[in-house]
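**Student:** Only the shape, not the letters, is given here:
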């Protein structure tokens, strides 16, 4: 594994090897403002940063009740998704205080397996997850409606996010004050704050309301997930999502050609990947990653390169192309873009 960016002491503007997992393959890695975590192919979890109230520069193993397959960090806790489908968490300052996250298991708890988690995400003061039954849950700060359960109350236990009856959640993404859900049908829903157009509601009345209430952001939110309408040709074709502080990025599969990227929300730091640092009210194609081509030696012809994975930091985006190349854009104050400048 290699890391770059701000570590709270100094900034690494080029990838630097991390001492992790005794050389084992890393399956998942997550970082918050003050801590980081990773899990390896054996299911072990490694932590660093503000651990035991000390700045731990070298990754240390965390004791968890089972093998992990994914980790996620927010401002206060590290979460580990275990291979059996349960989720545990612990505060950054003391990894020994592990507790089980109580994921609901269906009607009266009688639906076996429906409470097993298949994906999760955490950021800032929020945690969200998706169960095997396609239900999305969230907990933490709900003051802007980002828990998606119908009001702006916070919750110390997971609450159900309100999707339309026929929709089944596939994965979730968490920003600072908004959350995003990708369904199995390829549709996207967003809830929470919309003061910076985070919810992707590209409607004339939405923009008009945003301007009218620009000074009163409390009116610009939705505690119920709203359908995000993608550009023409992308309907029901989103395959992955990721959220930054106040923006969202998604990979979509067009009817023809290789997968591309759309973004929406806050764009002042160029994190939306467009020609100007402006907010975007609805999903907009990132033209700079479209139409990339290269010569394929095996196929003996020119092929189009698509976007395979995407990840958002607070104010920047990283994408992995199908040929293994990486591209980035947005804020580079601490070297987040792997650039020296």
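**Tutor:** Right, received. Where do you want to start? It should be emphasised that the depicted structure is a prediction, and the values quoted were computed from it without experimental measurement.

**Student:** who does residue 99 bridge with?
**Tutor:** For residue 99, the beta-bridge partners are residue 89 (DSSP bridges).

**Student:** how far away is it from residue 88?
**Tutor:** Counting by C-beta to C-beta, to the nearest Å, the gap from residue 99 to residue 88 is 7 Å. C-beta: built from backbone N, CA, C; applies to glycine.

**Student:** try residue 158
**Tutor:** To residue 88, residue 158 is 13 Å away according to C-beta to C-beta.

**Student:** Same drill for these two, tell me which one is more crowded.
**Tutor:** Shown here are residue 158 and residue 88; by other C-beta atoms under 10 Å, residue 158 has more neighbours (25 against 20).

**Student:** The more buried one belongs to a strand?
**Tutor:** Yes: according to DSSP: H, G, I helix; E, B strand; the rest coil, residue 158 belongs to a strand.

**Student:** Below-threshold pLDDT in the stretch 101-250 of the chain: ranges please.
**Tutor:** 106-115, 203-211, 213-219, 235-236 (pLDDT under 70).

**Student:** could you pull out the strands for it?
**Tutor:** Counting by DSSP state E, counting those that start in this stretch, residue ranges of the strands within the stretch 101-250 of the chain are 117-123, 126-131, 136-140, 155-160, 169-174, 178-183, 188-193, 221-228, 238-243, 247-252.

**Student:** roughly how far is the shortest one from the heart of the chain?
**Tutor:** Between the mean C-alpha point of strand 136-140 and the mean C-alpha point of its chain there is a distance of 14 Å (C-alpha atoms, centre = their mean, to the nearest Å).

**Student:** which residues are contacting that strand?
**Tutor:** The contact list for strand 136-140 (C-beta atoms under 8 Å, 6 or more residues apart in numbering) reads 74, 101, 103-104, 125-131, 146-149, 154-161, 163, 169, 172, 174, 179, 181.

**Student:** and that strand with strand 126-131, angle?
**Tutor:** Going by axes from the mean of the first three to the mean of the last three C-alpha atoms, to 10 degrees, strand 136-140 is angled at 160 degrees with respect to strand 126-131.

**Student:** do the same with the first one
**Tutor:** Our comparison of strand 117-123 with strand 126-131, counting by the same axes, to 10 degrees, yields an angle of 170 degrees.
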